[in-house]
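Undergrad: coords please:
(chains A and B)
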Amino acid sequence: MDAQVDWVVIPLLVVLLGAIFSFQFSLLVGDWDFWMDWRDRRYWPLITPLVMVTLPAVFGYAFWRLVRLPLGGTLSILAFTLMAWVSRYLNFHEFAGFPMNFVVPSTHIAIGLMIDCILLLTRSFFFTGIFAGFLSGLLLWPLNWPLFAPYMVPVEMQGTLMTVADVMGFEYIRTAMPEYVRIIEESTLRTFGDAVTPLTAVFAAFLTVMAYWFWVWVGSLAFRLKWLQKVV
Amino acid sequence: MKFITKLFAVIQTLIVVGVAFSAQLAYAHGEKAQQPALRMRTVHWFDLELSTAKLDVNEILVVKGRFIPSESWPHHVASIEDGSAFLNIGVPGPSFVRLETRINGTPGIRSTTFKRGERYDFVVTLKARTPGRYHLHPIVNVKDAGPMIGPGLWVEVGGTQADFQNSIKTLLGQELDLETYGFAHSVGWSVAWIALGLLWFGYWLTKIPLIMPRFRRVSALGENADDMITARDRMVALGVLLVTLMLIVGGYIYANERWPITTPLQTGKVDTAVLEREPSPVMVRMDDARYRIPGRSFRIALTVTNHGSSPLSIGEFASGGLRFINAAVQQVKPRDADDLVASDALRVEGGPIQPGKTQQIVIYADDAMWETQRMTTMISSPDAVVAGMLFFFDAKGRRYPVEISGPMIPLFGGY
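TA: Prediction:
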C-alpha cells in the first residue's frame, strides 16, 4: 500500500512541480531565458539564480521537514527542465516556427543537486543557504557557458559587430519583440576593469544566499497554517 | 443535482464546439484595433513596394517603402524622437528571415530614433523560410508606445521548409547553418545534466516505499529525524556534489578551449541618417475638418499656397493607412483584396492651385473604408485631432507630399 502511494504521489508531484515552476519562471525570468539573444552576461546570471532557488527552497523545506528527503531542489528543477523542453519544442518551435537552437532551454539541474546534496550533508538550511545558495549564484554562468559559448562567436553584419545569437535575433523575425525590448548589458562595469561576469556572479551569489533563506522561511510559514497542519 | 451537472456539461460542450467552429483564422496584425488617432497621427507610410507577391522558399523578397513620423505626434504617446524605435516586419513568426534592413542607407539592425517630419526610405531584404500566404506589413515599434503598423500586402510562399538554408560566416571564418547550429551540442549537454539529476532522483526511488514510511518515521523521531540519513546517503550526496562541481568547472574549461574567442551580446542605439529635404513649392494650412458620419465622408478645407512655377493638383489624401485617390490626377489600383486604396474617392474643389497663388481648397474623402477599417471611432476620441498626408502633383508629374493636421468635428445625421 505504501509503495502504491509513492507511485501515485511522486508522478503527480513531478507534474505539479514542473507546472508551478514553469509558470513562476515564465513570469519572473521569461524572455531572458526563452531566447538565445537575451542571455547576456549581466542580467541573466543575476535574475535567474534568484528565481531558480525559490521553489527548491520552499519545496525543499517541505520535503525535508515532512519526509527527510533532500529532493526538493533536484526534483523541482528536473521537472521544470523537462517541461521547458516540451514547451520550447511545441510552443516555440512547432507552433511559432523558431529553430530549436535559438530557443533551447538553459540548464539549471546542477543548482538543485547542489542544494539537495549540501542540505543532506549539512542538515542545516542556514549552511545550505551559505554554500549552495552562494554556489548557485556564482556558478550559474559557468554551468551554462558550454551552451552559450557557441552563440557568442563574433560575426560581422552590415558593418556591425554581432554575435551569432544577435544575428539569429535579427534574422528570425519577432514582430512583437523589437531590438530595444531586450534588457541586456549596455555598457561594461567600467570601474571594475571590464570584469562583468565575475562581478555579477559574486553579487548574484550573495543575493541568492539571502533569497534561499527567505524562501525557506516562506516554506516554513506554511507549516504554521492550521488548515495545512490538518491536511498533513 | 444530476440534471444540473448534465446541463452544465451540455452548455460547456456547446461553448467549446461553438468557439471551435466560429473562430476565424487570424491573418492580420490588429491594425484595425488601433485607435484612429494613433493610426493617423504617428507614422505616415507611403510607396510600399514588394519585389514580388509570389516566391519560393529560399528566394529573396525586397520590401521598400517610405515613412514620415507625424509632426502631430500625440503628446500622450511616447515619442519616436526621444526614446527608442525599431523598423520591424509584421509577419506570422519567422516565416521569413530578415537578411538586411537599411533606413536612409543606415543599417537597421539596432534600435534608433526617428525625427518627426523627416522622410525615411527603407529597404528590408527578406528570405522566404516557411511556405504559406502571409499579410506582410512594415512596422515601426516605438518604445512605450507600441507598434505603428504600416500598410499590408499579401505574399505567397511556395516550396518546402525542409529545403530552407540559412548560413552565415563568423569573423573566425566558420560557416554556420543557423537552422541547426549548436543544437546537437546543447542537447548533449542538457542530457548529461538531466541524467545526473535522474541519477540522484533514482537513488532515492530505490528506497520505495518512500513517502508514508518516512513520514511516519519523521513524526516518530521528532527532533532526531536527521538520524534517518544513513552514511551511504552521505557518501552518495558527496559523490554527486563532487561530480556536479567537476562537471561545471570541466564544462566551463572545455567551452573556453573550444570557443576561445567570443564577444558579449551586442546592443546600443544608432543614429539614422536624415535625408536632405527636397524643396517644396507648396504650403498648406488645414482650416477645417469635418467627418460626416452618415455619408462616411471626410471634408477638409485647406488654404494652399503655390510658390512654384507649375500648377499643383491634389492627387491623393492618405491617412491612417487608407489611401483616397483623385482619379483625375493619377490612377492607383489596389494590388490585392486587402490593399486599402480607394481608387476614385477623392474629390477636390477649388483646384488646381495656380503658381504664385493662395487658394481655398476643399477636399472630400468619401469611402466605406472609414467604416470598414474602424476609423469612425475617431468621433469618440478624447483628443479629436486628425492628420494625414496630401500628395500634390505638378504639371510634369512631380510629387510633393505635405502633412496636414488639426481638429476634427463630427457631423451627425439630421443635426
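Undergrad: and for residue 68, the neighbour number?
TA: All of this is about chain A. 20 (other Cβ atoms under 10 Å in any protein chain shown). All C-beta atoms are positioned from the backbone trio N, CA, C, and that covers glycine.
Undergrad: my bad, chain B
TA: Per other Cβ under 10 Å, the neighbour tally for residue B:68 reads 19.
Undergrad: what of the one 4 residues further on?
TA: By other Cβ under 10 Å, 20 other residues sit near residue B:72.
Undergrad: please tell me how far it sits from residue B:375.
TA: Distance of residue B:72 to residue B:375, computed by Cβ to Cβ, to the nearest Å: 16 Å.
Undergrad: over to residue A:153?
TA: 49 Å.
Undergrad: kindly report the same for residue A:131.
TA: From residue A:131 to residue B:375 the distance is 64 Å (Cβ to Cβ).
Undergrad: same question for residue B:263.
TA: Residue B:263 is 47 Å from residue B:375, by Cβ to Cβ.
Undergrad: ok, now residue B:138?
TA: Taken as Cβ to Cβ, the span from residue B:138 to residue B:375 is 20 Å.
Undergrad: same check on residue A:182?
TA: Per Cβ to Cβ, residue A:182 is found 34 Å from residue B:375.
Undergrad: contacting residues for residue 141?
TA: Picking chain A for this. By Cβ atoms under 8 Å, 6 or more residues apart in numbering or on different chains, the contact set of residue A:141 is A:41, A:45, A:197, A:200, A:201.
Undergrad: my bad, chain B
TA: The contact partners of residue B:141, by Cβ under 8 Å, 6+ apart, come to A:178, A:180, B:85, B:86, B:88, B:147, B:148.
Undergrad: my guess is the first one meets residue B:88, correct?
TA: Yes: in this structure, residue A:178 is within contact of residue B:88 by Cβ atoms under 8 Å, at 5.5 Å.
Undergrad: residue B:297 bridge partners, please.
TA: Beta-bridge partners recorded for residue B:297 (DSSP bridges): residue B:292, residue B:366.
Undergrad: how many neighbours does residue 215 have?
TA: Since no chain was named, I'll use chain A. 22.
Undergrad: looking at chain B here, not the other one
TA: So residue B:215, with other Cβ under 10 Å, has 17 neighbours.
Undergrad: which non-adjacent residue is nearest it?
TA: residue A:67 (5.2 Å; Cβ to Cβ, 6 or more residues apart in numbering or on different chains).
Undergrad: helix or strand next in line after the helix or strand hosting residue B:221, which one?
TA: Using DSSP states H and E, residue B:221 sits in helix B:211-221. The helix or strand immediately downstream of helix B:211-221 is helix B:231-258, counting by DSSP H and E.
Undergrad: so what secondary structure elements neighbour that next one?
TA: For helix B:231-258, the elements it packs on are helix A:109-122, helix A:134-148, helix B:183-205, judged by 3 or more Cβ pairs under 8 Å, 6 or more residues apart in numbering or on different chains; DSSP states H and E.
Undergrad: for the residue lying closest to residue B:238 once chain neighbours are set aside, give me the pLDDT.
TA: In space, and not counting its chain neighbours, residue B:238 is closest to residue A:121: 6.5 Å by Cβ to Cβ, 6+ apart. In this model, residue A:121 is scored at 97, pLDDT.
Undergrad: repeat that for the one 5 residues further on.
TA: As predicted, residue A:126 sits at a pLDDT of 97.
Undergrad: ok, the one 3 residues further on next?
TA: Per-residue pLDDT puts residue A:129 at 97.
Undergrad: quick check: it is in a helix.
TA: Yes: under DSSP: H, G, I helix; E, B strand; the rest coil, residue A:129 falls within a helix.
Undergrad: how much space between residue A:124 and chain B?
TA: 10 Å (Cβ to the nearest Cβ, to the nearest Å).
Undergrad: what about that residue, neighbour count?
TA: Residues lying near residue A:124 (other Cβ under 10 Å) number 13.
Undergrad: may I see the buried residues of stretch B:116-133?
TA: Neighbour-count burial for stretch B:116-133, counted by 16 or more other Cβ atoms under 10 Å in any protein chain shown, picks out B:118-120, B:122-132.
Undergrad: in the chain, where is pLDDT below threshold?
TA: Going with chain A. A:188-194, A:228-229, A:231-232 (pLDDT under 70).
Undergrad: wrong one, chain B
TA: Residue ranges of chain B with pLDDT under 70: B:1, B:23-30, B:414-415.
Undergrad: can you map out the helices along it?
TA: For chain B, the helices defined by DSSP state H occupy B:2-22, B:36-41, B:183-205, B:211-221, B:231-258, B:369-372.
Undergrad: tabulate these in JSON lines, adding columns for distance to residue A:114.
TA: Formatted as JSON lines, the helices of chain B follow (distance: least, Cβ to Cβ, whole Å):
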{"stretch": "helix B:2-22", "distance to residue A:114": "46"}
{"stretch": "helix B:36-41", "distance to residue A:114": "50"}
{"stretch": "helix B:183-205", "distance to residue A:114": "11"}
{"stretch": "helix B:211-221", "distance to residue A:114": "22"}
{"stretch": "helix B:231-258", "distance to residue A:114": "6"}
{"stretch": "helix B:369-372", "distance to residue A:114": "61"}
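Undergrad: sorry, back to before: let me have the helices and strands packed on helix B:231-258 in CSV, extended by distance to residue B:307.
TA: Listed next are the helices and strands packed on helix B:231-258 as CSV, based on distance: least, Cβ to Cβ, whole Å:
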stretch, distance to residue B:307
helix A:109-122, 71
helix A:134-148, 60
helix B:183-205, 62
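Undergrad: ok, back up a step: okay, residue A:131 and residue B:375: which has more neighbours?
TA: Ranked by neighbour count (other Cβ under 10 Å), residue A:131 and residue B:375 place residue B:375 first, with 23 against 20.
Undergrad: now do that one against residue B:314, distance only.
TA: Residue B:375 is 20 Å from residue B:314, by Cβ to Cβ.
Undergrad: list phi and psi for the residue most central in space within chain A.
TA: Closest to where the C-alpha atoms of chain A average out (Cα atoms, centre = their mean) is residue A:52, at 3.8 Å. Main-chain dihedrals, residue A:52, degrees, to the nearest 10: phi -70, psi -20.
Undergrad: surely it is in contact with residue A:110?
TA: No: with contact defined as Cβ under 8 Å, residue A:52 does not reach residue A:110; the gap is 10.2 Å.
Undergrad: quick one on the thing from earlier: so who does the residue nearest to residue B:215 touch?
TA: Neighbours of residue A:67 in contact, by Cβ under 8 Å, 6+ apart: B:210, B:211, B:214, B:215, B:218.
Undergrad: again, only this time at 6 Å
TA: B:211, B:214, B:215 (Cβ atoms under 6 Å, 6 or more residues apart in numbering or on different chains).
Undergrad: I'd assumed residue A:6 was in contact with the first one.
TA: Looking back up the chat, that one is residue B:211. Yes: taking Cβ atoms under 6 Å as the definition, residue B:211 is a contact partner of residue A:6 at 5.5 Å.
Undergrad: ok, the spatially closest residue to residue B:55 that is not a sequence neighbour to chain A distance?
TA: The shortest distance from residue B:55 to any non-neighbouring residue, by Cβ to Cβ, 6+ apart, is to residue B:128 (5.3 Å). For residue B:128, the distance to chain A equals 12 Å [Cβ to the nearest Cβ].
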